[in-house]
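In: Need a 3D model of the sequence below.
(one chain, ligands or ions: 1)
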Amino acid sequence: SRTILFKNRPAGKPSKSDFELLEEEDPKPKEGELLLKSLYISVDPYLRGRMRNEKSYIPPFELNQPVESMVVAEVLESHNHNFKKGEFVSGMLKWKELQISNGTGLNRVDRDLAPLPAFLGVLGLTGLTAYLGLEKIGKLRAGETLVVSGAAGAVGSIVGQIGKIKGCMVVGIAGSDEKIDHIEDKFGFDKGINYNKTDDMAQAIREICTDGVDVYFDNVGGEILDAVLQNINKDARIINCGAISLYNETEVPTGPRPEGLLIKNTALMQGFLVRDHVKDFGRALQQLSAWLQEDNLEYDETIADGFEKLPEAFIGLFEGRNVGKMIVKV
Ligand code: NDP
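Out: Numbers count the residues shown, from 1 in each chain. Down below sits the predicted model:
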């Protein structure tokens, strides 16, 4: 079976040569252990952070060790009384086709609730990030204007739909006309802005958000954040969820400083980490599943076929190659 190792800390954008695909002997589980077969593997922007040798909320990847991310796997063999052969689980696992686990940190996945890849997206950390970021910091009220960047992506597309459920005017920012059509037609956003075709983002936002911006869910940081901040209302809330536009920068770029705008609008801008809210996961997942079942929530996936596609799919996140959650089917 195959594994993918982390080979090189990239400067700038990651490339396929930062990873290595290897054949290895199939592992054999011992007493207390499980043999897992990876079925779907999540690739996520935050993995770029783990490629840097920096102290963060999660340790950096070690060179020549397998990459890890969220995986949905099947239990092929069990010597652990907590799991049975044939069950499906999700957890933070290695980029391996087959691997051993002692069961710690694994969650059972209920296939009757949704198709398996959904547990890496709308019913996984993606949906939780959207839901809890809005709940903890956004505090949406009906009639408010919500702007979200990365709007056609995994988190952003869920954020926008929750905004509509809550009765907000929802504006999405994404990188192509197809994505803008998609968020308006499929996800019910009121309006989208293609940042790749807009010279003056602050002006474009001002024209669409005629009542200003009450909540900004920021997935991209950088210039788009600067442009939205030019339009915030009194007591606006800004969820600093991600800054993908800066993840491949080697130096933090300078730009307009937001502080003045925050002060005069008494706005709240707060960093958000979904992993800090584990105690709320059960409740949030119940709400997300209920919306799914009531057809109030839809989701997209971009699924790359083949274990060897993992590096390419990951790099594709920085090129906007995905609509919705980017996942690799093993
Ligand atoms: P997405 O599905 O949104 O994929 C990434 C998208 O980012 C791409 O499709 C692309 O869309 C956009 N993008 C890439 N480069 C740029 C750029 N230079 N400028 C603007 N947009 C760009 O990923 P996720 O939904 O998984 O994650 C979204 C964000 O949320 C990320 O920043 C991630 O790090 C963060 N996150 C944070 C969590 C937390 O706990 N704080 C948890 C989960 C995610 P386009 O074509 O529109 O450019």
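
In: Show me which residues of this protein sit near the ligand.
Out: 44-46, 125-126, 129, 150, 152-156, 174-176, 179, 219-220, 241-245, 272-274, 317-318, 320, 322, 326 (Cβ under 6 Å from any ligand atom). Heads up, the C-betas are built off the backbone N, CA and C, glycines and all.

In: again, only this time at 5 Å
Out: For the chain, the contact set with the ligand under Cβ under 5 Å from any ligand atom comprises 44-46, 129, 150, 153-155, 174-175, 219-220, 241-242, 244-245, 273-274, 317, 320, 322.

In: Pull out the buried positions in the helix or strand of the chain with the lowest mean pLDDT.
Out: Sorting the helices and strands of the chain by mean pLDDT, DSSP states H and E puts helix 259-264 at the bottom, at a mean of 89. Going by neighbour count (16 or more other Cβ atoms under 10 Å), the buried part of helix 259-264 is Leu261, Leu262.

In: Then stretch 241-250?
Out: For stretch 241-250, by 16+ other Cβ under 10 Å, it's Cys241, Gly242, Ala243, Ile244, Ser245, Leu246, Tyr247.

In: So what sits opposite Ala73 in the bridge?
Out: For Ala73, the beta-bridge assignment (DSSP bridges) gives partners Ser38, Val89.

In: and Tyr131, that one's in a helix?
Out: Yes. Counting by DSSP: H, G, I helix; E, B strand; the rest coil, Tyr131 is found in a helix.

In: Now do it against the ligand, distance only.
Out: 11 Å (Cβ to the nearest ligand atom, to the nearest Å).

In: Regarding the nearest residue to that residue once chain neighbours are set aside, what is its secondary structure?
Out: Of all residues not flanking Tyr131 in the chain, Ala284 sits nearest, at 4.6 Å (Cβ to Cβ, 6 or more residues apart in numbering). Following three-state DSSP, the label given to Ala284 is helix.

In: got a list of what Ala284 touches?
Out: Each residue near Ala284 by Cβ atoms under 8 Å, 6 or more residues apart in numbering is listed here: Gly127, Leu128, Tyr131, Leu132, Glu135, His277.

In: these two touch, right, the third one and Ile158?
Out: Yes. Tyr131 is in contact with Ile158 according to Cβ atoms under 8 Å; the separation is 7.3 Å.

In: Now do the closest residue to Ala267 other than its chain neighbours, the pLDDT please.
Out: Nearest residue to Ala267, sequence neighbours excluded (Cβ to Cβ, 6+ apart): Ala236, at 4.1 Å. Looking at Ala236, its pLDDT stands at 98.

In: what about the residue of the stretch 51-200 of the chain found nearest the ligand, how many residues close to it?
Out: Using Cβ to the nearest ligand atom, Gly153 is the residue of the stretch 51-200 of the chain that sits closest to the ligand, at 2.0 Å. For Gly153, the neighbour count with other Cβ atoms under 10 Å is 31.

In: do His81 as well
Out: Count around His81 with other Cβ under 10 Å applied: 8.

In: contacting residues for it?
Out: By Cβ under 8 Å, 6+ apart, His81 has no neighbours at all.

In: Need the pLDDT of the nearest residue to Gly271 once chain neighbours are set aside.
Out: Excluding its sequence neighbours, the residue lying closest to Gly271 (Cβ to Cβ, 6+ apart) is Asn240, at 4.5 Å. Here the pLDDT value assigned to Asn240 is 97.

In: do you know how far Asn240 is from Val213?
Out: To Val213, Asn240 is 15 Å away according to Cβ to Cβ, to the nearest Å.
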